[in-house]
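A.B. asks: generate a structure from the sequence data that follows.
(one chain, ligands or ions: 2)
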Amino acid sequence: MSSDNVIVATNLSKAFPVYERPVHRLLQMFSSPSRKHIWYRKFEALKSISFEVARGETLGIVGRNGSGKSTLLQIICGTLGETFGSIAVRGRIAALLELGAGFNPEFTGRENVYLNGTVLGLTRAEVAERFERIVEFSEIGGFIDQPVKSYSSGMFVRLAFAVAINVTPDILVVDEALSVGDEAFQRKCFARIQQLRDSGVTVLFVSHSAGVVMQLCDRAILLDQGELLAIGAPKLVISRYHKLIYAPPYRQAELRREIQAECIGIGSDSIAMPGLGEEGNDGGRSAPADEQGLESFDPEMFPKSTVRYDAQGAEIVDARIETRGGARVNVLVQGKTYIYTYRVRFSRAAASIRCGMLIKTVTGLELGGGTTAGDHGSEISVEEGDVVCARFSFKCLLDAGTYFLNAGILGRLGEDEVYLDRLLDAAMFRVLPKPSRLATGFVDFEIGPKLIATGETE
Ligand SMILES: Nc1ncnc2c1ncn2[C@@H]1O[C@H](COP(=O)(O)OP(=O)(O)OP(=O)(O)O)[C@@H](O)[C@H]1O
Ligand SMILES: [Mg+2]
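C.D. replies: Ligands and ions are numbered 1, 2, ... in the order given. Purely as a prediction, here's the structure:
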């Protein structure tokens, strides 16, 4: 294995025995080796897969249901053996596999944290040292001493995720787990995964969400019917994945061969990309169940991932969204204008202050923002003890989903313009789906689609 590769899969294959009837399994168990009759047929879940993952890389794995994604992850994690081929893995793996893996339902959350932590290579003392951090991240609270069989699936995944990211793994493997849990928790997880990536952790990530794969991953692979069809830049792979899932059945087989011929072995950025955009924001799409079509304020919805940068003489407080009439809201409707506002208290004098805002997706993609004045804008200076109020009106052109807002105050201290205070994820809001929804992606451009019969024939 080259020193840069932490995972090398070579002709990896996995076949499962499939029995027509349960009794056949028993007959097979008790059939003598000398007798030739085989009571099962072989199902090939993975067919000769080869790829490498470099240290520090984030690899997305996409594919339809049953394409072999979880099987591949389980073989990489060593919880399932391969039938043919080989897999070499270097470093400590922390895995977040499909629900159930690694946790004993009869044990309490606390016992499972210890069990899971030690399975992942920590000593009991090391788990004890991280225990508080794990419980805090999981937001399980008092449930930590309840058996995990009494947990909701969201609580279960939160605890499993909290353990997985706190064992300081070399490789983090995540199988769809982030789709469980509320958006604020998802945002916290994405932020933590990004942090781990930045510190050099290799991440393998199974997701059905094109947006998440494109934002988080350096490369992606496409599996279909156990075969590796494409590997390369996320845009390349996602575009082929979409082409495949939206193709009519009679085109599927041919298309699979075309994609494979086109994509395997081709350099990651060497193909011109077709337009993308489908499924852009499914990581944070809100459930239509609670939709009333009216804006409102949900006191339960607040960001859990707020980070304050080191302040220098100012403090941003009370970040919120209001209607033009002044009512506080965080559930918005499309097409209306709202005001994002916050107050800044100054504990020292500063010159040429300007306030900024930024809207981001659940995965941290920056969608757009603005400031109260440019470099040569109006010169506002403040004294110690002053309070200013920043107000940004914006038209909600966003598609249904959850979004986060940053707030920042810049000013001159001497010659230099610096951040006097800066809050990441200062506020969050949700946009309700429109009843007749035609838009895809993050932004609703109010596209007016029309299909016209031309009367011509070919
Ligand atoms: N233990 C098993 N015995 C028999 N078949 C299995 C077993 N585990 C998985 N399979 C089959 O292998 C194929 C791949 O399964 P896998 O769980 O890896 O798919 P996946 O890509 O993760 O799907 P999903 O998107 O639904 O999670 C499926 O057809 C599945 O039915
Ligand atoms: Mg799966």
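
A.B. asks: how near is V157 to ligand 2?
C.D. replies: Applying CB to the ion, to the nearest Å, the value for V157 to ligand 2 is 14 Å. Where you see a C-beta, it was placed from the backbone N, CA and C, and this is true even at glycine.

A.B. asks: can you get me a residue count around that residue?
C.D. replies: For V157, the neighbour count with other CB atoms under 10 Å is 23.

A.B. asks: walk me through the domains of the chain.
C.D. replies: Annotated domains of the chain cover 5-91+170-270, 307-431 [automatic domain parsing].

A.B. asks: got JSON lines for those domains, with mean pLDDT, mean neighbour count and distance to ligand 2 too?
C.D. replies: Converted to JSON lines, those look like this (pLDDT from 0 to 100; neighbours: other CB atoms under 10 Å; distance: least, CB to the ion, whole Å):
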{"stretch": "domain 5-91+170-270", "mean pLDDT": "84", "mean neighbour count": "18", "distance to ligand 2": "3"}
{"stretch": "domain 307-431", "mean pLDDT": "89", "mean neighbour count": "17", "distance to ligand 2": "20"}
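
A.B. asks: mind checking which of the ones you listed is nearest ligand 1?
C.D. replies: Closest to ligand 1 of these, according to CB to the nearest ligand atom: domain 5-91+170-270, at 3.2 Å.

A.B. asks: the most centrally placed residue in the chain and N112, how far apart?
C.D. replies: For the chain, V212 is the residue whose C-alpha lies nearest the centre (CA atoms, centre = their mean; 4.9 Å). As judged by CB to CB, to the nearest Å, V212 and N112 stand 27 Å apart.

A.B. asks: rewinding a little: distance to F103 added to the domains of the chain, as a markdown table?
C.D. replies: Below are the domains of the chain laid out as a markdown table (distance: least, CB to CB, whole Å):
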| stretch | distance to F103 |
| --- | --- |
| domain 5-91+170-270 | 12 |
| domain 307-431 | 25 |
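
A.B. asks: list the contacts of G368.
C.D. replies: L358, I359 (CB atoms under 8 Å, 6 or more residues apart in numbering).

A.B. asks: ok so it is a helix residue?
C.D. replies: No - with DSSP: H, G, I helix; E, B strand; the rest coil as the criterion, G368 is located in strand rather than a helix.

A.B. asks: tell me where the stretch 251-400 of the chain has strands.
C.D. replies: With DSSP state E, counting those that start in this stretch as the criterion, the stretch 251-400 of the chain has strands at 307-308, 314-323, 328-329, 331-332, 337-346, 351-361, 366-371, 387-395.

A.B. asks: can I get the ones you listed in TSV including distance to I193?
C.D. replies: Putting the strands of the stretch 251-400 of the chain into TSV (distance: least, CB to CB, whole Å) gives the following:
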stretch	distance to I193
strand 307-308	15
strand 314-323	25
strand 328-329	30
strand 331-332	27
strand 337-346	27
strand 351-361	14
strand 366-371	17
strand 387-395	29
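
A.B. asks: dump those strands into a markdown table; add distance to ligand 1 as well.
C.D. replies: Shown next, in a markdown table, are the strands of the stretch 251-400 of the chain (distance: least, CB to the nearest ligand atom, whole Å):
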| stretch | distance to ligand 1 |
| --- | --- |
| strand 307-308 | 33 |
| strand 314-323 | 36 |
| strand 328-329 | 37 |
| strand 331-332 | 31 |
| strand 337-346 | 38 |
| strand 351-361 | 23 |
| strand 366-371 | 29 |
| strand 387-395 | 37 |
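
A.B. asks: pull the number of nearby residues for the spatially closest residue to F137 that is not a sequence neighbour.
C.D. replies: Nearest residue to F137, sequence neighbours excluded (CB to CB, 6 or more residues apart in numbering): A162, at 4.1 Å. A162: 24 surrounding residues under other CB under 10 Å.

A.B. asks: how far is the helix or strand where A162 lies from where the chain is centred?
C.D. replies: Assigned by DSSP states H and E, A162 belongs to helix 153-166. Taking the mean of its C-alpha atoms, helix 153-166 sits 14 Å from the chain's own mean (CA atoms, centre = their mean, to the nearest Å).

A.B. asks: picking up where we left off before, and the gap between the residue nearest to F137 and F185?
C.D. replies: 10 Å.

A.B. asks: how distant is stretch 71-88 from the center of its chain?
C.D. replies: Relative to the chain's own centre, stretch 71-88 is displaced by 24 Å; criterion: CA atoms, centre = their mean.

A.B. asks: one more: stretch 364-371?
C.D. replies: Offset of stretch 364-371 from its chain centre (CA atoms, centre = their mean): 18 Å.

A.B. asks: stretch 394-406 now?
C.D. replies: Centroid separation between stretch 394-406 and its chain, computed with CA atoms, centre = their mean, is 18 Å.

A.B. asks: spell out which parts of this protein neighbour ligand 1.
C.D. replies: F16, V18, F43, A45, G63, N65, G66, S67, G68, K69, S70, T71 (CB under 6 Å from any ligand atom).

A.B. asks: now compare these and name the two farthest from each other.
C.D. replies: V18 and G63 (19.9 Å; CB to CB).

A.B. asks: that older thread, dump the residues of the chain next to ligand 1 to a markdown table, plus secondary structure.
C.D. replies: Converted to a markdown table, these look like this (three-state DSSP):
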| residue | secondary structure |
| --- | --- |
| F16 | strand |
| V18 | strand |
| F43 | strand |
| A45 | strand |
| G63 | strand |
| N65 | coil |
| G66 | coil |
| S67 | coil |
| G68 | coil |
| K69 | helix |
| S70 | helix |
| T71 | helix |
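
A.B. asks: let me have those in CSV, extended by distance to N116.
C.D. replies: Formatted as CSV, these follow (distance: CB to CB, whole Å):
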residue, distance to N116
F16, 26
V18, 31
F43, 30
A45, 26
G63, 27
N65, 27
G66, 27
S67, 28
G68, 25
K69, 22
S70, 19
T71, 22
